[in-house]
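Participant: Give me coordinates for this.
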Amino acid sequence: ALNVIEIPSPNDGASCAVGIGGFVAKYFDHNINLWRYCFCALIGSKILNVTQQWLDVSAHLRHEGDMKESDLYAPIKAHFQALGYEVKGEVGAADVMALRGAEPPVIIELKLAFSLTLFHQAIDRLKLVDDVYIAVLRPEGKAGYKRLKANITLCRRLGIGLLTLRARDLFVELHCAPGPYAPRKSAKKTKRMTKAFDRLDGDPNAGGATRHGLVTGYRQDALKCAAYLAHAGAEKGDIVAKATAVPSATTLMRNNVYGWFEKVETGVYALTPAGAKGLADWGDLAGGTGEIAS
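Facilitator: Presented below is the predicted three-dimensional model:
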């Protein structure tokens, strides 16, 4: 029979992690499933790791809250000095100015966070030199990452360099260097937008939106099919396609995204009560489609 031994609770992470060695040594000769103790040690270690992470985050937040704009100067200066620049603060209107040999000067504007004023300052400095950086505290968290990503794109568009300072360890990271911005064009997205433009009948979204919301080419096609079925009754998909000039009519009615159509028999579709309501709500658009048979 196995000896029954009371083991520490996995909730007591510290004792599990620290005491596992003693437990194994003490009970090694017993007929015990040692994996139970290993499991406790693993859980204890995980708890300790999570606790330490929370402590690190809390310390970082406290540190970030205590930081001043002037605290960015020393790490940023060290960053440029490591690149061979001579760096001085508060030169004229610039927060930081750096020179390297006979190269043109570099200007760095310091702020604790992104702001419109910061970008205005950086753009104004472009009247003086070609290479302008902004340096801010690195935003933390998921929302901070999105904000950082968006501002990296903005900096590239403006031809401005971007540096961030990580508050917990004063690590300086270069996200983009100053210079002309040449975004890669997406032929696929351009083609998709052109196709959506050609698919729209008229200009149903004048002013940005209708009282129902934005009108897409897909909805216009669905309205054409619904208007035809409301007039002709249940009909085969290929006939609806020819009558409405919507080549994908059969697929559109089968997919039934808006719940406007129902399958009566193979290849034959009819209008649902929801479809009749949709026609009533969007009748102003359906009435303007010349392809709908009378």
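
Participant: Leaving aside the residues adjacent along the chain, what's closest to L148?
Facilitator: Once flanking residues are discounted, L148 sits nearest to P139: 5.2 Å by C-beta to C-beta, 6 or more residues apart in numbering. Heads up, the C-betas are built off the backbone N, CA and C, glycines and all.

Participant: quick one: buried residues of stretch 100-111?
Facilitator: Across stretch 100-111, burial judged by 16 or more other C-beta atoms under 10 Å covers 105-111.

Participant: Same question for stretch 182-202.
Facilitator: Buried residues in stretch 182-202, counting neighbours by 16+ other C-beta under 10 Å, are found at D201.

Participant: Only C-alpha atoms, please: export it in PDB.
Facilitator: Extracted in PDB, the C-alpha atoms of stretch 182-202 (Å, rounded to 0.1, in the frame of the first residue of the first chain):
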ATOM      1  CA  ALA A 182       7.800  56.500 -49.400                       C
ATOM      2  CA  PRO A 183       5.000  54.100 -48.300                       C
ATOM      3  CA  ARG A 184       4.600  50.900 -50.200                       C
ATOM      4  CA  LYS A 185       1.500  50.900 -52.400                       C
ATOM      5  CA  SER A 186      -0.900  47.900 -52.100                       C
ATOM      6  CA  ALA A 187      -2.100  47.100 -55.600                       C
ATOM      7  CA  LYS A 188      -4.400  44.500 -54.100                       C
ATOM      8  CA  LYS A 189      -6.200  47.100 -51.900                       C
ATOM      9  CA  THR A 190      -6.300  49.600 -54.700                       C
ATOM     10  CA  LYS A 191      -7.900  47.100 -57.000                       C
ATOM     11  CA  ARG A 192     -10.500  46.200 -54.300                       C
ATOM     12  CA  MET A 193     -11.400  49.800 -53.800                       C
ATOM     13  CA  THR A 194     -11.700  50.400 -57.600                       C
ATOM     14  CA  LYS A 195     -14.000  47.400 -57.800                       C
ATOM     15  CA  ALA A 196     -16.100  48.600 -55.000                       C
ATOM     16  CA  PHE A 197     -16.400  52.000 -56.700                       C
ATOM     17  CA  ASP A 198     -17.500  50.500 -60.000                       C
ATOM     18  CA  ARG A 199     -20.000  48.300 -58.300                       C
ATOM     19  CA  LEU A 200     -21.900  51.200 -56.700                       C
ATOM     20  CA  ASP A 201     -24.900  52.500 -58.700                       C
ATOM     21  CA  GLY A 202     -24.800  56.300 -58.600                       C
END
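
Participant: Distance from the chain centre to it, please.
Facilitator: Counting by C-alpha atoms, centre = their mean, to the nearest Å, stretch 182-202 is centred 22 Å from the centre of its parent chain.

Participant: ok, and what's touching that stretch?
Facilitator: Contacts to stretch 182-202, defined as C-beta atoms under 8 Å, 6 or more residues apart in numbering, come from residues 156-157, 215-218, 220-221, 288-289.

Participant: Just the closest of those to L163, please.
Facilitator: Comparing those against L163 with C-beta to C-beta places R156 closest, at 13.6 Å.

Participant: wait, the closest one sits on P180?
Facilitator: No. At 9.4 Å, R156 does not count as touching P180 under the criterion of C-beta atoms under 8 Å.

Participant: And these two? Which one has more around it.
Facilitator: Taking other C-beta atoms under 10 Å, R156 and P180 do not tie; R156 has more neighbours (20 against 7).

Participant: List the contacts of the strand or helix carrying that one.
Facilitator: Assigned by DSSP states H and E, R156 belongs to helix 141-158. With contact meaning C-beta under 8 Å, 6+ apart, helix 141-158 is reached by 114, 119, 122-123, 134, 138-139, 161-162, 164, 175-176, 181, 183.
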